[in-house]
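Asker: Sequence first, predicted model second:
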Amino acid sequence: KAGVTQTPRYLIKTRGQQVTLSCSPISGHRSVSWYQQTPGQGLQFLFEYFSETQRNKGNFPGRFSGRQFSNSRSEMNVSTLELGDSALYLCASSAPLAGPETQYFGPGTRLLVL
Amino acid sequence: DQQVKQNSPSLSVQEGRISILNCDYTNSMFDYFLWYKKYPAEGPTFLISISSIKDKNEDGRFTVFLNKSAKHLSLHIVPSQPGDSAVYFCAASTIQGAQKLVFGQGTRLTINP
């Protein structure tokens, strides 16, 4: 069974630009969650999508948005990039009705904002 | 507002000894706690979990202890092996937000031969 894949793996952008990151969940998984990892804050929850609907949301500004497609693939978008958005962005997928321990994480997309 | 805290950024332990990683939380609504292990360039992988109705859960060399009154949990690794060197994150969730994990900042564990 293929794992969670994230593209691209590395990205360099400049302040003010926007970026779109992609996540393909494990086959059969319908829930996709996004996290931001920074050195000082650890992993912070961004949002979770289930069956194309946002089910949970973290405390991030509206510049961070996401969506999920009918095939469960998900994208997150960050507009008007700031230097502080430099981070590792991780997505995780889980099966329907599964507990939190069944979240499988992808390798992440490392975003550098200059 | 850091609801889950790992106050030790790093820990160094000799191979064969016990590694103890600690985690504190502030939100009494949390009812499920997890530990994840992360290697560089990889996503976190689930290690072990514990429900708030228990105070101990064991899986091989890994044991998690939960002290609800102190809002504290710990992960014990016995015996520690070089392959255990990684960053360890504790995380918490509620029944309502099962997939919304709140993570600590992580502890980098180094096992010395």
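Answerer: Nice, thanks for sending it over. Numbers count the residues shown, from 1 in each chain, chains lettered A, B, ... in the order given.
Asker: residue boundaries of the strands in the chain?
Answerer: If you meant another chain, say so; for now it's chain A. Ranges of strands within chain A are A:5-7, A:10-13, A:19-24, A:31-38, A:42-50, A:53-57, A:64-68, A:74-78, A:87-94, A:104-105, A:109-113, based on DSSP state E.
Asker: oops, chain B please
Answerer: B:4-5, B:10-14, B:19-25, B:32-38, B:45-51, B:56-59, B:62-67, B:72-77, B:86-93, B:102-103, B:107-112.
Asker: can you list those strands in JSON lines and add mean pLDDT and distance to residue A:44?
Answerer: For every residue, glycine as well, the C-beta is placed using N, CA and C. Shown next, in JSON lines, are those (pLDDT from 0 to 100; distance: least, Cβ to Cβ, whole Å):
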{"stretch": "strand B:4-5", "mean pLDDT": "94", "distance to residue A:44": "11"}
{"stretch": "strand B:10-14", "mean pLDDT": "97", "distance to residue A:44": "21"}
{"stretch": "strand B:19-25", "mean pLDDT": "97", "distance to residue A:44": "15"}
{"stretch": "strand B:32-38", "mean pLDDT": "94", "distance to residue A:44": "14"}
{"stretch": "strand B:45-51", "mean pLDDT": "93", "distance to residue A:44": "18"}
{"stretch": "strand B:56-59", "mean pLDDT": "96", "distance to residue A:44": "26"}
{"stretch": "strand B:62-67", "mean pLDDT": "98", "distance to residue A:44": "22"}
{"stretch": "strand B:72-77", "mean pLDDT": "98", "distance to residue A:44": "20"}
{"stretch": "strand B:86-93", "mean pLDDT": "95", "distance to residue A:44": "11"}
{"stretch": "strand B:102-103", "mean pLDDT": "92", "distance to residue A:44": "7"}
{"stretch": "strand B:107-112", "mean pLDDT": "97", "distance to residue A:44": "17"}
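Asker: Output these as a markdown table; include the columns distance to chain A and mean neighbour count.
Answerer: Formatted as a markdown table, the strands of chain B follow (distance: least, Cβ to the nearest Cβ, whole Å; neighbours: other Cβ atoms under 10 Å in any protein chain shown):
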| stretch | distance to chain A | mean neighbour count |
| --- | --- | --- |
| strand B:4-5 | 8 | 20 |
| strand B:10-14 | 12 | 14 |
| strand B:19-25 | 11 | 21 |
| strand B:32-38 | 6 | 23 |
| strand B:45-51 | 5 | 17 |
| strand B:56-59 | 11 | 12 |
| strand B:62-67 | 12 | 18 |
| strand B:72-77 | 14 | 20 |
| strand B:86-93 | 5 | 24 |
| strand B:102-103 | 4 | 22 |
| strand B:107-112 | 10 | 17 |
